[in-house]
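K.L.:
Sharing a model prediction with you, sequence too.
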Amino acid sequence: MPPPSPPADAARHVRLFGSHAFFRLWLVQVVSAFGDWLGFLAIIAVAGDLGGEDAGAAAAISLVLIPRILPGLFLASAGGVIVDRLNRKHLMVTCDVARAGLILLVPFVDSLLLLVVLSFLIEIATSLWAPAKEAIVPNVTPASHLTTANSLGLVAAWGTAPVAAVAFAGLAAVADGVSIDWLAGPDLALGVDSLTFLVSAVLVWTLPIVARSKESRQAAGERRLDFAASFRDLRDGWSFIRTTPVVRAVLVGFGTGMIGGGMLVPLGELFATDVVGSGDAGFGLLMFALGLGVALGVSLVSVLQRRLPHDRAFVTSVALGGCSLLTAASLDEMLLVFLAVVGVGLGAGGMYVLGWTILHESVEDDLRGRVFASLYVVIRFCVLLAIGLGPLLASGLDLASDALVDGRIDLLGVGIEVPGVRLALWTAGGVIVWAAMLAAASFRAHHREEAR
């Protein structure tokens, strides 16, 4: 049962968060999300090191990141049933301790296969931890504060990304500056990441959460695991999307844009190393630039969206992200690349806020659950596709570039290096611009239907 709303004379943080218990749970999410992002970046760096040069590094990053998406795709529906059958507080602590231990094993891995297995196990723990946390929120938050709680949860999940990117860049620079073998490369970041999960486990253990009764857990145990639910959501969602131009515009913009933009994450390590020449620290700065841009985009559009035509602003945001990525891939100076990647994030943040707003305004209440469930599955699938194809595309284009033009072209008398990672990012930017064109066409179809 949720707690009552806080009195008017309660502490400021209690009035904002609704209760002291939810404030502490939010701090847990901040610590855990920071650890997730830090570990995500560190594992990409480890995969690149294990893969070797260019094409090998790209393929290694792809193989390691695919298992980070798969558990969430398949456990999207079944994970909630598993969580309901267990003590959620104990489950969260167990997942945190498991993640801390698994992260500590990563520096000792000398095989790409073992890194893939560890990455898969870490993501399974995360896929169970997240729904357990979400299930606890209504029990520690007054009903009047649930909307605020969801917004604060979004801040914790995504607002920690640029902070973790800066931390990763700083830790990588420190590791490069000391001559200690066991702190080489991303190992220091992995140690800090493990510590964050232990801190999260301690915070969760001390949360004042009342355990559910045995009868409640037994009733949940009668529910069946349905691993096919995600695929049914995808099928039903696309069936509805095909007949609704506005929803189709948003979903196509989200999905296709995620395929293009999602390539920046696995390819960022290669681009920072091979093109900019700044290594792990530069990769951290690029991820910070992306997170900073997203934060600015979300904030700017949230303030201005009432004054903006949502459909045009959505298409503009998608196009901005694509053009900025094309620009970033064409540069090799860190400052200029940093600014261009901020533009990528700015477009992505605007697309995110405007897309959700358009769907909320356009979809009837009785269809909203199916559409949003489909949206989550589509986004995860497109991210998986981007992570799987991006590095492999970079590998293939790198081999083709070396074979056809010796990795360099002359344009108007100016020599331009064209490694596979640059060609892949150009392709990704083009995909995002194409997504903007598809979204614009769907909006035009909607306006024609309205006119008729």
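P.N.:
Noted; the coordinates are in hand.
K.L.:
Give me the most central residue, the protein.
P.N.:
W158 (7.7 Å; CA atoms, centre = their mean).
K.L.:
Can you check the pLDDT for that one?
P.N.:
The per-residue pLDDT reported for W158 equals 70.
K.L.:
Spatially nearest residue to it, not counting backbone neighbours?
P.N.:
With sequence-adjacent residues excluded and distances taken as CB to CB, 6 or more residues apart in numbering, W158 is closest to V294, at 6.7 Å. Glycine gets a C-beta too; all of them are placed from N, C-alpha and C.
K.L.:
The one you found: how many residues sit nearby?
P.N.:
24 (other CB atoms under 10 Å).
K.L.:
and it, what helix or strand is that in?
P.N.:
Here V294 sits within helix 279-304, counting by DSSP states H and E.
K.L.:
From the contact counts, what lies against the helix or strand following that helix?
P.N.:
Next along the chain after helix 279-304, taking DSSP H and E as the criterion, comes helix 310-330. Where contact means 3 or more CB pairs under 8 Å, 6 or more residues apart in numbering; DSSP states H and E, helix 310-330 is packed against helix 245-262, helix 279-304, helix 334-362, helix 420-451.
K.L.:
Which elements pack onto the second one?
P.N.:
Using 3+ CB pairs under 8 Å, 6+ apart as the contact criterion, the neighbours of helix 279-304 among helices and strands are helix 20-51, helix 146-177, helix 264-271, helix 310-330, helix 334-362.
K.L.:
Check which residues of that helix are buried.
P.N.:
279-298, 301 (16 or more other CB atoms under 10 Å).
K.L.:
and what of the third one?
P.N.:
When burial is assessed from 16+ other CB under 10 Å, helix 334-362 yields the following buried residues: 334, 337-355, 357-359, 362.
K.L.:
Using JSON lines, lay out the helices and strands packed on helix 279-304 together with distance to S119.
P.N.:
Compiled in JSON lines, the helices and strands packed on helix 279-304 are given as follows (distance: least, CB to CB, whole Å):
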{"stretch": "helix 20-51", "distance to S119": "6"}
{"stretch": "helix 146-177", "distance to S119": "17"}
{"stretch": "helix 264-271", "distance to S119": "12"}
{"stretch": "helix 310-330", "distance to S119": "26"}
{"stretch": "helix 334-362", "distance to S119": "24"}
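K.L.:
Determine which stretch of the ones you listed is the most buried.
P.N.:
Compared across those, helix 264-271 shows the largest average neighbour count, a mean of 27 (mean count of other CB atoms under 10 Å).
K.L.:
can you give me the angle that helix makes with helix 334-362?
P.N.:
If you take axes from the mean of the first three to the mean of the last three CA atoms, to 10 degrees, helix 264-271 sits at 170 degrees to helix 334-362.
K.L.:
For helix 264-271, which outside residues touch it?
P.N.:
Outside of helix 264-271, the residues within contact range by CB atoms under 8 Å, 6 or more residues apart in numbering are 44-45, 48, 54, 57-58, 61-62, 65, 280, 283, 286-287, 290, 325, 329, 341, 344, 386-387, 390-391, 394, 421-422, 424-425, 428.
K.L.:
could you give the angle of it to helix 420-451?
P.N.:
150 degrees.
K.L.:
Helix 279-304 and helix 264-271, what's the angle between them?
P.N.:
140 degrees.
K.L.:
what is the rounded mean pLDDT of helix 264-271?
P.N.:
Rounded mean pLDDT across helix 264-271 is 80.
K.L.:
Show me the shaky parts of the stretch 251-400 of the chain.
P.N.:
302, 305, 360, 363-380, 384 (pLDDT under 70).
K.L.:
what's the burial count for L105?
P.N.:
L105 has 16 nearby residues by other CB under 10 Å.
K.L.:
And it, how far from L115?
P.N.:
10 Å (CB to CB, to the nearest Å).
K.L.:
And A435, by the same measure?
P.N.:
On the measure of CB to CB, A435 and L115 end up 32 Å apart.
K.L.:
Next: A319.
P.N.:
Counting by CB to CB, the gap from A319 to L115 is 37 Å.
K.L.:
Ok, A386 next?
P.N.:
Taking CB to CB, one finds A386 at 20 Å from L115.
K.L.:
Settle it for me: which of those two has more neighbours?
P.N.:
A direct count of neighbours by other CB under 10 Å for A386 and L115 places A386 higher, at 27 against 22.
K.L.:
correct me, but the more buried one touches G257?
P.N.:
No: A386 is not in contact with G257 according to CB atoms under 8 Å; the separation is 10.0 Å.
K.L.:
Quick check: buried residues in stretch 420-430?
P.N.:
G420, V421, R422, L423, A424, L425, W426, T427, A428, G429.
K.L.:
any idea how far that stretch is from the chain center?
P.N.:
20 Å (CA atoms, centre = their mean, to the nearest Å).
K.L.:
quick one: contacts of that stretch?
P.N.:
Contacts for stretch 420-430 (CB under 8 Å, 6+ apart): 54-55, 58, 259-261, 263-264, 267, 270-271, 274-275, 322-326, 328-330, 386, 390-391, 393-401.
K.L.:
Repeat that for stretch 24-34.
P.N.:
17, 96, 129, 133, 136-137, 140, 149, 152-153, 156-157, 160, 163-164, 167, 196-197, 199-200, 203-204, 206-207.
K.L.:
Quick one: mean pLDDT for it?
P.N.:
Rounded mean pLDDT across stretch 24-34 is 89.
K.L.:
Assign I122 to helix, strand or coil.
P.N.:
helix (DSSP: H, G, I helix; E, B strand; the rest coil).
K.L.:
which residue packs closest to it, ignoring adjacent ones?
P.N.:
L102 (5.1 Å).
K.L.:
Check A424 too.
P.N.:
A394 (4.0 Å).
K.L.:
element containing the one you found, please.
P.N.:
Going by DSSP H and E, A394 is in helix 365-405.
K.L.:
pLDDT score assigned to A175?
P.N.:
pLDDT at A175 comes out at 71.
K.L.:
which ones are touching the closest residue to it other than its chain neighbours?
P.N.:
Nearest non-adjacent residue to A175, counting by CB to CB, 6+ apart: L188, 4.5 Å away. Residues counted as contacts of L188 (CB under 8 Å, 6+ apart) are L171, A172, V174, A175.
K.L.:
from these, which two are the most distant?
P.N.:
A172 and V174 (7.4 Å; CB to CB).
K.L.:
Now do the helices in the stretch 1-150 of the chain.
P.N.:
Assigned by DSSP state H, counting those that start in this stretch, the stretch 1-150 of the chain shows helices spanning 12-17, 20-51, 54-85, 88-105, 112-140, 146-177.
K.L.:
can you list these in a markdown table and add distance to A439?
P.N.:
Below are those laid out as a markdown table (distance: least, CB to CB, whole Å):
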| stretch | distance to A439 |
| --- | --- |
| helix 12-17 | 36 |
| helix 20-51 | 28 |
| helix 54-85 | 24 |
| helix 88-105 | 37 |
| helix 112-140 | 29 |
| helix 146-177 | 22 |
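K.L.:
By mean pLDDT, show me the worst of those helices.
P.N.:
Minimum mean pLDDT among these: helix 54-85, a mean of 65.
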